[in-house]
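K.L.:
generate coordinates for the sequence data below:
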Amino acid sequence: MEIKWRPGDTLWYYSQLFMVPLNLILDSNPNINSNKLAVSESLQIPGFESQVHKIKQGDTLWKIAGARNISVDSILLLNQEVNPNNLKVGDKISVPNRIIGRLVRGKKKYDYTTLQTDMNHLKEVFPFIKMHTIGKSVLGQNIDEIRIGNGKKKVHINASFHANEWITTSVLMTFLNDFLLSLTNGTNMRNVRTMPLYQQVDLSLVPMVNPDGVNLVLNGPPEREKEKIITINGGDSDFTGWKANIRGVDLNNQFPANWEIEKERKEPKAPAPRDYPGDTPLLEPESQVMAKLAEKEKFDRLLALHTQGKEFYWGYEGLEPAESRALADEFSRVSRYKAIQNVDSHAGYKDWFIQEFRKPGFTIELGKGINPLPLSQFDEIYHDTAGIFLASLYM
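P.N.:
As a prediction, this is how the structure comes out:
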């Protein structure tokens, strides 16, 4: 919510006025000098939206403030040109509205457009988060990263490497929304205080690694690619079984961690809806983007969200560090998911991360059933896995 600074006010006063932590106000306004605020300089207050209130007979600012459980001065701040003693029926004023409910509606088909809309809305209401595009998909869609927090521990979580596993994106975005609400409203998540996590962790999220594939599964092929994609799909126009990117390459078989083994034994030897590892590792733009991100940021731990199985994998070739076991035990405790150290699989993002950086990496298989998992599982999946996300931050 945008406000205009008044002479004599301080950021500390605004923190008290709106009951929002001062550090979140500072992080929401990184370009201002808090010691040299200019008259009417614009400031962002996180966790609020401005609403229009139409004056009715008998309205006063004190009555309006009381009905909304806010201070009169917060209304005066948003209406600095209004004479509070001369309100007229029909006049419109702005009133601050604290956001307490979710902005993200995760329990629905969650495509690239939905993600972009939700990201923009979250950035508007919680401007202390950072968003930027780290690369492009085959069809030129943005692959975006969200960053939150100021700590030294760097944690990365990604979703929708596989097209028909798009529910992982909506689960991750719902967690982000709940985490942001907890910070601005001073509430706990699962009895965990979130402000210390914000101060101790630098959290990186890539909610949709494979936007072209997700859109294909949910919306069908783009017209210019339709014939080629249907051919890759064996002549079938039903894409619910499609895991690959739009070119028929399985992005989670694209990383140079014994990639040659997967290339040799995978049945598809040409572009396919799933399992084709490509002609060479790191061939696809989406896999290149994710490799460059990890190489640049040197994350301390990584979670890659997939479906399905209610289990997670945490080892690779004995290269995982000792702390991985403790994390796996906690993840299993808070989620009831089965912890599996090793599986006969290579060339995945988690595999490569452990191999390259010797840091804890996890592939989390959300839910159980046939992909794409039905939305009827959303609430259960979120309940089970939100604890994993939090544990990855506090441990």
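K.L.:
Glu320 sits in which helix or strand?
P.N.:
For Glu320, there is no host helix or strand (DSSP states H and E).
K.L.:
and the helices in the stretch 151-300 of the chain?
P.N.:
Using DSSP state H, counting those that start in this stretch, the helices of the stretch 151-300 of the chain run over 167-185, 195-200, 211-219, 226-232, 259-265, 285-297.
K.L.:
and those helices: which comes nearest Lys368?
P.N.:
helix 167-185 (12.2 Å; Cβ to Cβ). Quick note: C-beta positions are derived from backbone N, CA and C, even for glycine.
K.L.:
buried sites along that closest one?
P.N.:
Buried positions in helix 167-185, judged by neighbour count with 16 or more other Cβ atoms under 10 Å: 167-184.
K.L.:
measure the nearest residue to Met173 once chain neighbours are set aside to Thr174 for me?
P.N.:
Excluding the flanking residues, the one nearest Met173 by Cβ to Cβ, 6 or more residues apart in numbering is Val104, at 4.9 Å. Using Cβ to Cβ, to the nearest Å, Val104 is found at 5 Å from Thr174.
K.L.:
same question for Glu295.
P.N.:
To Thr174, Glu295 is 29 Å away according to Cβ to Cβ.
K.L.:
do Phe353 as well
P.N.:
According to Cβ to Cβ, Phe353 stands 24 Å off from Thr174.
K.L.:
quick revisit: what's the burial count for the residue nearest to Met173?
P.N.:
22 (other Cβ atoms under 10 Å).
K.L.:
now it, what's its secondary structure?
P.N.:
coil (DSSP: H, G, I helix; E, B strand; the rest coil).
K.L.:
my read: it touches Leu176, true?
P.N.:
Yes: using Cβ atoms under 8 Å, Val104 makes contact with Leu176 at a distance of 7.4 Å.
K.L.:
overlap of the contact sets of those two?
P.N.:
Applying Cβ atoms under 8 Å, 6 or more residues apart in numbering, one finds that Val104 and Leu176 are jointly contacted by Leu122.
K.L.:
quick one: contacts for Asn185?
P.N.:
If a contact means Cβ under 8 Å, 6+ apart, then Asn185 has 47, 98, 100 as its contacts.
K.L.:
make it 10 Å
P.N.:
With Cβ atoms under 10 Å, 6 or more residues apart in numbering as the criterion, the residues that contact Asn185 are 19-20, 47, 98-100, 194.
K.L.:
among those residues, who's most crowded?
P.N.:
Busiest of the contacts of Asn185 [other Cβ under 10 Å] is Gly47, holding 27 neighbours.
K.L.:
now that one. Nearest residue, chain neighbours left out?
P.N.:
With Cβ to Cβ, 6+ apart as the criterion, Gly47 has its nearest non-adjacent residue at 3.0 Å, and that residue is Thr184.
K.L.:
how about the contacts made by the one you found?
P.N.:
18-21, 24-25, 28, 45-48, 98-100, 125-126, 128, 194.
K.L.:
roughly how far apart are the closest residue in space to Ala291 that isn't next to it in sequence and Phe255?
P.N.:
The shortest distance from Ala291 to any non-neighbouring residue, by Cβ to Cβ, 6+ apart, is to Leu282 (5.7 Å). From Leu282 across to Phe255, the span is 7 Å (Cβ to Cβ).
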